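Chemist: here is a sequence with its predicted model. Questions after.
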Amino acid sequence: MNELGRLDDLPVAYREALTRQNLVPLWPSLRAVLPPGKPQPRTRATHWSYEALRPLLLEAGELTPIERAERRVLVLANPGHGLEKMQASAAMYLGMQLLLPGEWAPSHRHTPNAVRMIVEGSGAYTTVDGQKCPMSRGDLILTPTGLWHEHGHDGTEPVVWLDVLDLPLVYYMEASYHLDGPRQSVKPGQGERGYARGGVVPTPMFERQGSAYPMLRYPWVDTRAALESLAADQPALDAVQVTYVNPETGGHAQNILGLYALMLRPGQTLTLPARSPASVFHLIEGGIDVRVEDQTFTLAEADTCCAPGYTAVTLRNRAASAPAFIFIADETPLHRKLGVFENRG
Ligand code: 1HN
């Protein structure tokens, strides 16, 4: 491969003439935008300990009233991107949000898609598109693009959840904005009741008038039971994993990010192949090690980590007698839609 010419090989007067015309030579930057063989991700494998961040999040509850925050969130920022960019990866944003008893986070809607993975506490709820979704540990609640959503809390303990958004992507596209709205009235119907069992879905009489997002809340009791049942049914299966899907289409639950729950059997080690999308791991239950290239993170319950794309990730259940349960988000639907998805094994 030829050594390409550098910017400072060029006469200053020539460079200035280019700049005046809003012109840039490609060749000094060509290798940076098209590196050989594989991308050079900014995304760094990073671990956020829940035990370490929790006191700071609770302190935010004392320092900043909800009215002055709208959403009281500490962003899990990847240092590889620069903390101010508020990115976990190229397309993913992560934040830990705190809602205290009696607090109210008013209704709004926006272009980025969000999901919430409930981390701790009970008594809070989010109303999405008129559907009131109670929050408890491990539940996954969708807030797809354009749907009104607001959060309330009738309980007595702080409630914390992990927000996962495709905000960095939508912001990069210059398509990110929000609208404020009035408090929603709650409509009858709950997707997780109507779509309670995989394999059978409601028959429409006589045409589907349903929404693009028929199921908004995926209760952890159901997801956990599905994993245990899959593990029992297929004792030789390595990747005991389920995908959160739209029950009408069977496709991914949202357009940009893939959402999954994985069970590691007692003592199991599982290597996920090197694929192009970056991924995020949040430990719902158990204790695991996550190895990404030459780094190993030890995750305790409620810890979160991320890994860049094009790298294999090895997950190890540290417990010999209990399963571990992991929530995973990745950029697979986005990569597939763009035609850049790769599995390098
Ligand atoms: C948002 O709307 C929420 O509604 C949380 O809870 C985090 C981060 C960036 C942009 C919008 C929420 C967000 C957000």
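Modeler: Received the coordinates, thanks.
Chemist: CA only for contacts and neighbour counts going forward, please
Modeler: Noted.
Chemist: what is the burial count for the nearest residue to Arg291 once chain neighbours are set aside?
Modeler: Nearest residue to Arg291, sequence neighbours excluded (C-alpha to C-alpha, 6 or more residues apart in numbering): Thr314, at 5.0 Å. For Thr314, the tally of surrounding residues (other C-alpha atoms under 10 Å) stands at 16.
Chemist: pretty sure Thr314 is in a helix, no?
Modeler: No: the assignment for Thr314 (DSSP: H, G, I helix; E, B strand; the rest coil) gives strand, which keeps it out of a helix.
Chemist: what's across from it in the sheet?
Modeler: Taking DSSP bridges as the rule, Thr314 bridges to Thr271, Arg291.
Chemist: where does the prediction get shaky in this protein?
Modeler: Applying pLDDT under 70 to the chain flags the ranges 206-209.
Chemist: quick one: the helices in it?
Modeler: Using DSSP state H, the helices found in the chain span residues 12-20, 30-33, 50-63, 167-172, 191-194, 220-233, 332-338.
Chemist: out of those, which is the most enclosed?
Modeler: helix 167-172 (a mean of 18; mean count of other C-alpha atoms under 10 Å).
Chemist: quick one: the strands in the stretch 151-300 of the chain?
Modeler: Here the stretch 151-300 of the chain has its strands, by DSSP state E, counting those that start in this stretch, at 159-165, 178-180, 217-218, 240-243, 258-264, 269-275, 279-285, 288-292, 295-299.
Chemist: quick one on the thing from earlier: could I get the helices of the chain as JSON lines with distance to Pro144?
Modeler: JSON lines is the format used below for the helices of the chain (distance: least, C-alpha to C-alpha, whole Å):
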{"stretch": "helix 12-20", "distance to Pro144": "42"}
{"stretch": "helix 30-33", "distance to Pro144": "32"}
{"stretch": "helix 50-63", "distance to Pro144": "25"}
{"stretch": "helix 167-172", "distance to Pro144": "12"}
{"stretch": "helix 191-194", "distance to Pro144": "14"}
{"stretch": "helix 220-233", "distance to Pro144": "19"}
{"stretch": "helix 332-338", "distance to Pro144": "14"}
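Chemist: burial of Val313, as a residue count?
Modeler: 22.
Chemist: out of the strands of the stretch 151-300 of the chain, which is closest to Ala32?
Modeler: Closest approach to Ala32 among those (C-alpha to C-alpha): strand 269-275, 21.0 Å.
Chemist: the helices of the chain: which one's closest to Ala239?
Modeler: For Ala239, the closest of the helices of the chain is helix 220-233, at 9.1 Å, according to C-alpha to C-alpha.
Chemist: who are the packing partners of the closest one?
Modeler: In terms of contacts (3 or more C-alpha pairs under 8 Å, 6 or more residues apart in numbering; DSSP states H and E), helix 220-233 is packed against strand 240-243, strand 258-264.
Chemist: so which of those strands is the most packed in?
Modeler: Greatest average neighbour count among the helices and strands packed on helix 220-233 goes to strand 258-264 (a mean of 23), per mean count of other C-alpha under 10 Å.
Chemist: strands paired with that one, and their directions?
Modeler: strand 240-243 (antiparallel), strand 324-330 (antiparallel).
Chemist: now the first one, how far from the centre of its chain.
Modeler: So that's strand 240-243. Here strand 240-243 shows a centroid-to-chain-centroid distance of 16 Å under the convention C-alpha atoms, centre = their mean, to the nearest Å.
Chemist: equivalent analysis for stretch 321-330, please.
Modeler: So, by C-alpha atoms, centre = their mean, the centroid of stretch 321-330 is 15 Å from its chain's centroid.
Chemist: need the CA coordinates for that stretch. CSV is fine.
Modeler: Extracted in CSV, the C-alpha atoms of stretch 321-330 (Å, rounded to 0.1, in the frame of the first residue of the first chain):
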residue,chain,number,x,y,z
SER,A,321,-24.7,-23.4,40.6
ALA,A,322,-26.9,-20.5,39.4
PRO,A,323,-27.7,-19.1,36.0
ALA,A,324,-26.9,-15.5,35.0
PHE,A,325,-29.2,-13.3,33.1
ILE,A,326,-28.0,-10.5,30.8
PHE,A,327,-29.8,-7.8,28.9
ILE,A,328,-28.1,-7.0,25.6
ALA,A,329,-28.6,-4.1,23.2
ASP,A,330,-26.7,-3.8,19.9
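Chemist: can you mark which positions in that stretch are buried?
Modeler: Across stretch 321-330, burial judged by 16 or more other C-alpha atoms under 10 Å covers 323-330.
Chemist: Ser279: which of those is nearest?
Modeler: The closest of these to Ser279 turns out to be Asp330 (C-alpha to C-alpha; 4.2 Å).
Chemist: quick one: that closest one from Thr46, how far?
Modeler: Asp330 sits at a distance of 15 Å from Thr46 (criterion: C-alpha to C-alpha, to the nearest Å).
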